[in-house]
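Colleague: Sharing a model prediction with you, sequence too.
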Amino acid sequence: MADSAPPIAHDVSGTAFVVNLSRARQVELSGDTYAHLWVTPETQALWDELAREVYPHDDVSLSLRNRFYLTRLRAFVAAHPTPTFVNLGAGFTSYPQLLDARCHAVEVDMPVIVATKQARVDAWVADGTLPRRQLTFFAADLMRPDDLMRLATALRTWCAGPSFVLMEGLVYYLSRDVLAQLFAMLAAAQQPGSMVAFEYWPTDAARYAVYRRLGEYLARRFGRPDRAYTLLDAASVRTIPGYTVVETSDVAAEERDHATTRVLQGIDERLPIDFVVLRRD
């Protein structure tokens, strides 16, 4: 574990560090061999708190999430000679380092996240801890109109060829208006055959006890308003302009297919996570 990783932010972005611990606890499942670099005692303490107050299976859930996206990313990169991967809300994920070196990767996140990540990644590349990749960092707050406009311009350059855009752990934190703008920007920038992948919480999420506890926890711990999330349904996802749904799954199905556990099968034991992959028409 890295003893020089930054402290956890005192807002909801602090959970980005906890995601790494969950992936690091289940490396064979997640495929993220670098997640441990971001784990500190403070990260462990917050993970333990989440386990007590929300649910104890975050490591299985988030490792399955990482596996789902990494598998599709690798397939996309293998199918194109000059692919671009754009990670919106990149957090402290390791996807660029887990992909072939010929892929250009773009990491987009809040300024504090980008500054922290870029500094650490540069240092780890310099000392050989991480492999060198074609990597662009782009700081943006997606809830700020000026930043969205800057992002729209940049996307047209990044997505001039085959591109795979990932929005992991993101869409439920965005307003409906911003989410609609974002999909419109992507549709305007991406070439036919390019992909967008994300997961969402469904409109009946309140039926899930873990979802209710998570909302209460984030409100209490980080001051995020309880139930202030954007929920989607399969019908609205299928009608996103410019895209066709090519694959769907959910976390329970992913566990059945890829894990030896069955801890996410009950409705009271998991977050309601639905995965979708879109192809640009």
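Modeller: Perfect, thanks for sending it. Numbering: from 1, shown residues only.
Colleague: Can you classify the residue nearest to residue 131 when sequence neighbours are not counted as helix, strand or coil?
Modeller: Leaving out its chain neighbours, the residue that sits closest to residue 131 by CB to CB, 6 or more residues apart in numbering is residue 97, at 5.6 Å. Quick note: C-beta positions are derived from backbone N, CA and C, even for glycine. On the three-state scheme (DSSP: H, G, I helix; E, B strand; the rest coil), residue 97 is labelled helix.
Colleague: Give the burial count for residue 97, as a bare number.
Modeller: For residue 97, the number of neighbouring residues by other CB atoms under 10 Å comes to 21.
Colleague: ditto for residue 236
Modeller: A count of nearby residues for residue 236, using other CB under 10 Å, gives 12.
Colleague: go on, residue 61?
Modeller: Residue 61: 24 surrounding residues under other CB under 10 Å.
Colleague: what about this protein, any weak spots by pLDDT?
Modeller: Low-confidence regions of the chain, defined by pLDDT under 70, span residues 1-15, 226-227.
Colleague: one step back: for the residue nearest to residue 131, list the residues it contacts.
Modeller: 34, 130, 131, 133 (CB atoms under 8 Å, 6 or more residues apart in numbering).
Colleague: List phi and psi for the closest residue to residue 207 other than its chain neighbours.
Modeller: Nearest-residue entry for residue 207: residue 267, 6.7 Å, with adjacent residues in sequence omitted and distances by CB to CB, 6+ apart. With angles defined as degrees, to the nearest 10, residue 267 sits at phi -60, psi -20.
Colleague: Let me know whether residue 267 touches residue 205 as I believe.
Modeller: No - in this structure residue 267 lies outside contact range of residue 205 using CB atoms under 8 Å: 10.9 Å.
Colleague: Who has more neighbours out of these two?
Modeller: Counting neighbours by other CB under 10 Å for residue 267 and for residue 205 shows that residue 205 has the greater number, 22 against 12.
Colleague: Residue 50 versus that one, what's the distance?
Modeller: According to CB to CB, to the nearest Å, residue 205 stands 18 Å off from residue 50.
Colleague: do residue 218 as well
Modeller: Distance of residue 218 to residue 50, computed by CB to CB: 10 Å.
Colleague: Give the next helix or strand downstream of the top helix by length along the chain.
Modeller: Among the segments of the chain that qualify as a helix by DSSP state H, the longest is helix 58-78. On the C-terminal side of helix 58-78, the nearest following helix or strand under DSSP states H and E is strand 84-88.
Colleague: other SSEs contacting that following strand?
Modeller: Counting contacts by 3 or more CB pairs under 8 Å, 6 or more residues apart in numbering; DSSP states H and E, strand 84-88 is packed against helix 58-78, helix 95-98, strand 104-109, helix 145-158, strand 163-167.
Colleague: Of the ones you listed, give the one that comes closest to residue 124.
Modeller: Closest approach to residue 124 among the helices and strands packed on strand 84-88 (CB to CB): helix 95-98, 9.0 Å.
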